[in-house]
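J.: Turn this into a structure:
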Amino acid sequence: MSVEPVPLSAVEAIELDLFLDALNRRYHYDFRSYSRSSLQRRAEVACTRLNCATLSELQGRMLHDPSVLPDIIDAMTVQVSEMFRDPGYYLTLRREVIPHLRTFPSLKVWVAGCADGEELYSMAILFQEEGLFDRTLFYATEINRRALARAEVGVYDIDRLPVFSQNYQQAGGQGSLSDYYTAAYGRAAFNRALRGRTVFTEHNLATDQVFSEVHLVSCRNVLIYFDNTLQNRALGLFAEALARGGFLGLGSHETLRFSDHAASFAAFAEPDRIWRRTAIVQETAHAR
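T.: Model (predicted):
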C-alpha cells in the first residue's frame, strides 16, 4: 500500500512548529503567536546565518549548542527603526500629549520593543526639550539581548544621521540633532546623559507580566509581527500598566480598535495612533 507523500510546504510548516516549540521549551523564548509569514522569513534568515540547510538541522544545533541562541534570536526578531520615525507621531506627543503629562509630579515611560534604541533616544530628546526629562524614568525593553545592548550604547552609523535629523526637525525639534551626539570614525555616539534616567531590561510581551505603573507606553511597529491572540495579550499588558489618563502610542499601521481591550482606551489622536487609558480595564487572558 503506497502512502502519498506530504507536500514540501507541509513539511516546512511541521519543521517550523517543531522548531518554535523546541525554542520555547529549551530557552523559554515563545514566538509561537507571532505572524506566521514573518516567522517563516525570519527562520530562513536564521538558517542562512548559521549555514543550516533545514530548520530541522537548525533545531538540532539549537538544542545541543546554547552558544548559537543569540544568533537565532537576532535573526528571529526584526530590528528596523529610525529616530523620530513617523515625525507626526512625535509632533503630536509634543503638542498634545506632553501638556497632559506635565500635570503628573513624576513620570514613567515604557518604550516596549525598543530595538537598537532609536525610539528611546527620540523620547529622551523630546522630554529634555519639553522640560520633563529630569522627572521621568524611562523603561526600554526588548526581547533581543544583543539589540538591548546596542540600545544601551547608543551608537549609530553616521550615514543614518541625515534621515534622523530630518525626522527630528519635522517632529518639532527645538535645535539641531547634532547637539545630542558626537561624531567620529563614521559613527555617532549619543550623549550618555540621554540614557541616564533609563532602565534597559529584557522583557517578552508573549510571556512576561506588567512590571510598573507608567504614564506613557510607546510600542511602535511591534504588534504587526504578532497574531491576534498575542496582540490582545500585549494590549492587555499596556492597559494594566498605564495609569488612568495615561497614553498608548502604536505604529502607523497598528490599531487597538478591534481588540479585546478597546474599551480600556479612548481615542486621543487616532490618526497618529495615540489612545488614552480610561477607567475601564478588561480582564486579560494571562490574569485568568
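J.: which element is the closest residue to Leu18 other than its chain neighbours on?
T.: Distances taken as Cβ to Cβ, 6 or more residues apart in numbering put Gln59 closest to Leu18, at 6.3 Å, once the chain neighbours are dropped. Placement of C-beta: from N, CA and C, glycine included. In this structure, Gln59 sits in helix 55-64 according to DSSP states H and E.
J.: And that helix, what does it pack against?
T.: Packing partners of helix 55-64 (3 or more Cβ pairs under 8 Å, 6 or more residues apart in numbering; DSSP states H and E): helix 8-27, helix 36-49, helix 69-76.
J.: Of all these, which one is nearest Gln128?
T.: helix 69-76 (30.7 Å; Cβ to Cβ).
J.: give the contact list for the residue lying closest to Ala183 once chain neighbours are set aside.
T.: Closest residue to Ala183 apart from its sequence neighbours, by Cβ to Cβ, 6+ apart: Ile158 at 5.6 Å. Counting by Cβ atoms under 8 Å, 6 or more residues apart in numbering, Ile158 touches Ala183, Gly186, Arg187, Ala188.
J.: And those, which of them are buried?
T.: Ala188 (16 or more other Cβ atoms under 10 Å).
J.: State which strand of this protein is the longest.
T.: strand 242-250 (DSSP state E).
J.: Residues contacting it, please?
T.: So strand 242-250 is in contact with 89, 93, 97, 100-101, 104, 213-220, 223, 238, 256, 265, 268, 272-279, going by Cβ under 8 Å, 6+ apart.
J.: Output the below-cut-off pLDDT ranges for the stretch 1-150 of the chain.
T.: Scanning the stretch 1-150 of the chain for pLDDT under 70 picks out 1-8.
J.: mind running it again at 90?
T.: Where the stretch 1-150 of the chain drops to pLDDT under 90, the residues are 1-13, 28-42, 74, 76-81.
J.: Just give the number of residues close to the residue nearest to Leu18.
T.: By the criterion of other Cβ atoms under 10 Å, Gln59 has 22 neighbours.
J.: what does Asp86 give?
T.: By other Cβ under 10 Å, neighbour count at Asp86 equals 19.
J.: Give me the buried stretch members for the helix holding Gln59, please.
T.: Buried-residue list, helix 55-64, by 16+ other Cβ under 10 Å: Leu55, Leu58, Gln59, Arg61, Met62.
J.: Regarding Ala188, what are the backbone dihedral angles?
T.: phi -120, psi 120 (degrees, to the nearest 10).
J.: Check the spacing between the nearest residue to it once chain neighbours are set aside and Gly173 real quick.
T.: Excluding its sequence neighbours, the residue lying closest to Ala188 (Cβ to Cβ, 6+ apart) is Tyr181, at 4.5 Å. As judged by Cβ to Cβ, to the nearest Å, Tyr181 and Gly173 stand 13 Å apart.
J.: the more surrounded of those two?
T.: Gly173 (23 against 19).
J.: does the closest residue to Asp272 other than its chain neighbours sit in a helix, a strand or a coil?
T.: Once flanking residues are discounted, Asp272 sits nearest to Thr92: 4.3 Å by Cβ to Cβ, 6+ apart. Three-state call for Thr92 (DSSP: H, G, I helix; E, B strand; the rest coil): helix.
J.: ok, now which ones touch Thr92?
T.: Ala269, Asp272, Ile274.
J.: what's the answer for Tyr180, then?
T.: Tyr121, Ile125, Phe190, Asn191, Leu194.
J.: at 10 Å what do you get?
T.: 83, 121, 124-125, 128-129, 154, 164, 168, 173, 188, 190-191, 193-194 (Cβ atoms under 10 Å, 6 or more residues apart in numbering).
J.: List only buried entries from the residues you listed.
T.: 83, 121, 124-125, 128-129, 154, 164, 168, 173, 188, 190-191, 194.
J.: At which residues are the helices of the protein located?
T.: 8-27, 36-49, 55-64, 69-76, 87-92, 98-101, 118-129, 145-153, 161-170, 228-241 (DSSP state H).
J.: who's in contact with the longest one?
T.: Going back to what we said before, that points to helix 8-27. 5-7, 29-34, 36, 39-40, 43-44, 46-47, 54-60, 62-64, 66, 69, 72-73, 76, 206-207.
J.: again, but for the fourth one
T.: The set of residues that contact helix 69-76 without belonging to it, under Cβ under 10 Å, 6+ apart, is 19-20, 23, 26-27, 29, 31, 34, 38-39, 41-50, 58-59, 61-62, 143-147.
J.: try 8 Å this time
T.: Residues contacting helix 69-76 (Cβ under 8 Å, 6+ apart): 23, 27, 29, 31, 39, 42-43, 45-46, 49-50, 58, 62, 143-147.
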